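J.: Attaching a predicted model along with its sequence, questions to come.
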Amino acid sequence: MNNVKRSILIFNVLYLLQYPIESYGDRIKDKMYEDIPSSSACFRKLNGTHQIGCSSTRGGSTGVIHFCDTEKDLEDILANGTGYPYIPILDYGLFNPTILDTMISSDKVNGLILYTNEDNPVKNLTHEHPCPNPYSSIEGTCKKESPWNPWGTGLLYKDIPFPIFYVDSEKDMELIRSCFEKFNNFSYSEQIDRSLCSLELKSFMFATTNTPTCIRRSNIVSNLNPQKFCDPLGNQNIWASLQPLAEGPKKNETKPLKGYKYIIVTAKLDTTSLFEKTSGASSPATGIVTLLTLAKYLNDTIMMDDVRNAKKNVLFFLFNGETYDYIGSQRMVYDMIRGNFPLENADNLDVLPVIKPADVQLLIEISQLGNAKGKFYVHHLKENENINKFLDYMKNYTTPDTYESVPNSLPPASLHTFLKNIPDFPGILITDHKTTYSNHFYNSIYDNSGNIKFKYYNLTEDSKNDELLPKESIQYFIKNVTETLGKSIYQEITGKAYNGKINADTVLIDELLHCYLEDANCKVHQAIRRDIKLPKIPLSLYVSVKGSDNIASNLAGLTLGWLTGNSVGPGNINCTNTPRAYAFRFYNMSKSLRELNVSVCYQVTMNATDAVSPAFSIKDYDWTSGQYSSWTESTWKEINVRLFLRPSANQGKITMAIGCITMAFSFMLVFFLKSKSSVLFAPLLPTESPADC
Amino acid sequence: MDLSKVPNEKKLHLCKTYFKIGFFLLPFVWLVNAIWFFNDAFKKPAFDEQKLIKKYVISSAIGSSIWFVVLLSWVITFQLNRSNWGEFADYISFIIPFGTP
């Protein structure tokens, strides 16, 4: 019996002992907080002259939460509440410049939380300028009285003095709301006497003032703690040619095909929003998808012989960073004019032909196509022989119900950059609007699949796709635009009207839209990267900073390569490992969407060039000139949101008082002990005087 | 070092040395000198070297206060004008604070 008792005791002791072993070192000061993981921060960006976006104070801004269902709720709490500083919680649909000004001028607001109230859908929400990219677009193309983006508030470009976060998950909002109801949501005038539910918003930004300041500070080496304050926005432009730009199979023996003219098809690759999180259905996903589908369509219809006979090839460009003063296209034009495209110093390397703006016969830019009513518009700024010829071709493949030409007009687009540098550059813009954006959520997180009414049909090859797809679906519209453009480009190159039977691939359109809007781990991405496992959410389409890994643009590049590439044999390790011609890249990819598991070796013309503004490489660049994009993103250490209970003012005072009393008392005690030390601590041994030191 | 056990002529020597060292842009040495020998210069009963020690202590105190005033006015000027001076201020800074203009 004794033994049993003893072993139980030992077991109990061991059981108690494992507590310290299992602990993970959570500090007590962190245990009073509840993390809000689905929050997404507004952060600071800078240009040549200004800073925009948000920043918290060093160490985080805190405030008492208050749910505001109307603007009046906010005004009431700011006027009558005694628990300030506050962090109001607003439906994103309510957020506008007026309400922001109310908060800033009250001086009682330390931060802001935005969320989506499903019961209260908004008709339009865009914080972009009414004239997007106002300083880098051609003057006079955006009229003040009828701007392209009339709902634009311009809040994206405002310097906001407190942090703002968007909370995505309903679970997190439920947690915040229940805390609010329990502690805060009654007798506001006596809030000061209670413990209150509060939030801590941490998004302290390192850079301030403007780009030249933060770049200079990042580069000072005499500094004791060398630290990066900001990074240039930018990434990579993706390009590919329909047929190879060089001939010859073996390494070192490829010769560039010189003296060609080019038809360039472009789309932009990025979007932005007030927060880290982005959507981007109409802009840029519909443009990217149309370009990719067109690439496949042309790859199926136009053969190498057609290209060689006509001495005309097609290039596809996906420009990155266009949202921020056309970073990608500015760099492309800069490189092209200097003979640095497709490769730096291309003329001397003699691997690929130098392509200069003068070699471009026509540039076709595909812009937003998500909110059309069955009709697309072709904008062009100046009359030009090449443009008129192409518009005539397009007329043959359309009806007046589906197509309209809009002369002397150009919505914000990469084409502005080309026209600014080369005034008679031949370019057209394909889009879904005539005078104002039909997309009411331009550059906002609400430009999602719902905005373009996308429904994933999961089409398969042999089913009757055209019957399954409603005529008013986005897939069907993109198919029409692709075929019109494809047939016109076919006629431009071959000189013959297209009378073949090939249609644009609706399965591909359906899958691509699914990729960009719903699930990054979709069939197309599985086809191009056999090894990749992505989350079941759309990829971020924010341009991000120079040198960072942008998964979305890498995958878009591989997709473009896959759709324009040629199969050169079975897929195996030799495909990527054997040294081959410099002019190409080689990848193992799936044979098609229907045969995902059949691997084929693709010879791909796709490549990437830097999409970083020339301003960052020009020595002594004048940042105030506005010639090139000067956007940078501030660096930061941590971004997070935590919920906690702020004790009442009385409790705080009591704690402080007890602390002070304890300290005073301990001083007195020590003083007493010291003065009576001879009595309290009688010396054990007689002390000897120490030697002289 | 316990000053009470040091002979007077050594005190004078120490005080003089500290005073001289202070000229190498070391105001804190002057400050230490002034405080350390304050008792010997003013509080102790008169002794031979006291007059000289007093001279060095007063000079050190004056020197360090001039330094203090100069440094303080520089720090105030610099902190108030750092953001206005822009480039120049950044180049003479060892540590640039985060998130401040």
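T.: It's in.
J.: Check which residues of the helix or strand hosting A:Met663 are buried.
T.: Take DSSP states H and E as the rule and A:Met663 turns out to sit in helix A:649-675. Burial within helix A:649-675, assessed by neighbour count using 16 or more other CB atoms under 10 Å in any protein chain shown, is assigned to A:Ala649. Heads up, the C-betas are built off the backbone N, CA and C, glycines and all.
J.: Could you list the buried residues of the helix or strand just after that helix?
T.: With elements assigned by DSSP H and E, the helix or strand that comes after helix A:649-675 is helix A:677-680. By 16+ other CB under 10 Å, helix A:677-680 has no buried positions at all.
J.: so how far is helix A:677-680 from its chain's centroid?
T.: Distance, stretch centre to chain centre, for helix A:677-680: 73 Å (CA atoms, centre = their mean, to the nearest Å).
J.: Identify the residues contacting residue 57.
T.: Assuming you mean chain A. Residues near A:Thr57 by CB atoms under 8 Å, 6 or more residues apart in numbering or on different chains: A:Phe204.
J.: was after chain B, sorry
T.: Applying CB under 8 Å, 6+ apart to B:Val57 gives the contacts B:15, B:33-34, B:37-38, B:41-42.
J.: what helix or strand is it on?
T.: Counting by DSSP H and E, B:Val57 is part of helix B:50-85.
J.: Just the C-alpha atoms of the next helix or strand after that helix, please, in PDB.
T.: Next along the chain after helix B:50-85, taking DSSP H and E as the criterion, comes helix B:87-91. Listed next in PDB are the C-alpha coordinates belonging to helix B:87-91 (Å, rounded to 0.1, in the frame of the first residue of the first chain):
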ATOM      1  CA  GLU B  87      21.100  66.000 -46.700                       C
ATOM      2  CA  PHE B  88      23.700  67.700 -44.500                       C
ATOM      3  CA  ALA B  89      22.000  66.600 -41.300                       C
ATOM      4  CA  ASP B  90      21.900  63.000 -42.500                       C
ATOM      5  CA  TYR B  91      25.600  63.000 -43.400                       C
END
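J.: Pull up the residues of chain B that are close to chain A.
T.: B:2, B:5, B:83, B:86-87, B:90-91, B:93-96, B:98-101 (CB under 8 Å from any CB of the partner chain).
J.: low pLDDT regions in chain A?
T.: Chain A contains residues with pLDDT under 70 at A:1-26, A:222-225, A:249-252, A:461-465, A:579-580, A:683-693.
J.: So for it, which residue is the most central one in space?
T.: A:Tyr542 (1.4 Å; CA atoms, centre = their mean).
J.: one step back: now list the buried members of the contacts of B:Val57.
T.: If you count burial by 16+ other CB under 10 Å, the buried members of these come out as B:15, B:33-34, B:37, B:41.
J.: Identify, from these, the entry nearest to A:Lys434.
T.: Set against A:Lys434, the nearest of the buried ones among the contacts of B:Val57 by CB to CB is B:Ala34 (83.9 Å).
J.: any idea which helix or strand carries the closest one?
T.: Here B:Ala34 is covered by helix B:27-36, with elements defined by DSSP H and E.
J.: what angle separates that helix from helix B:50-85?
T.: Per axes from the mean of the first three to the mean of the last three CA atoms, to 10 degrees, the angle that helix B:27-36 makes with helix B:50-85 is 140 degrees.
J.: Tell me how many other residues crowd the closest residue to A:Lys311 other than its chain neighbours.
T.: Nearest in space to A:Lys311, with sequence neighbours left out and distances taken as CB to CB, 6 or more residues apart in numbering or on different chains, is A:Tyr260 at 5.1 Å. As a burial measure, A:Tyr260 scores 19 neighbours (other CB atoms under 10 Å in any protein chain shown).
J.: Let me see the contact set for A:Tyr260.
T.: A:245, A:311-313, A:353, A:359.
J.: Distance check, it against chain B.
T.: The gap separating A:Tyr260 from chain B is 48 Å, by CB to the nearest CB, to the nearest Å.
J.: Check the gap between that residue and A:Val307 for me.
T.: The gap separating A:Tyr260 from A:Val307 is 8 Å, by CB to CB, to the nearest Å.
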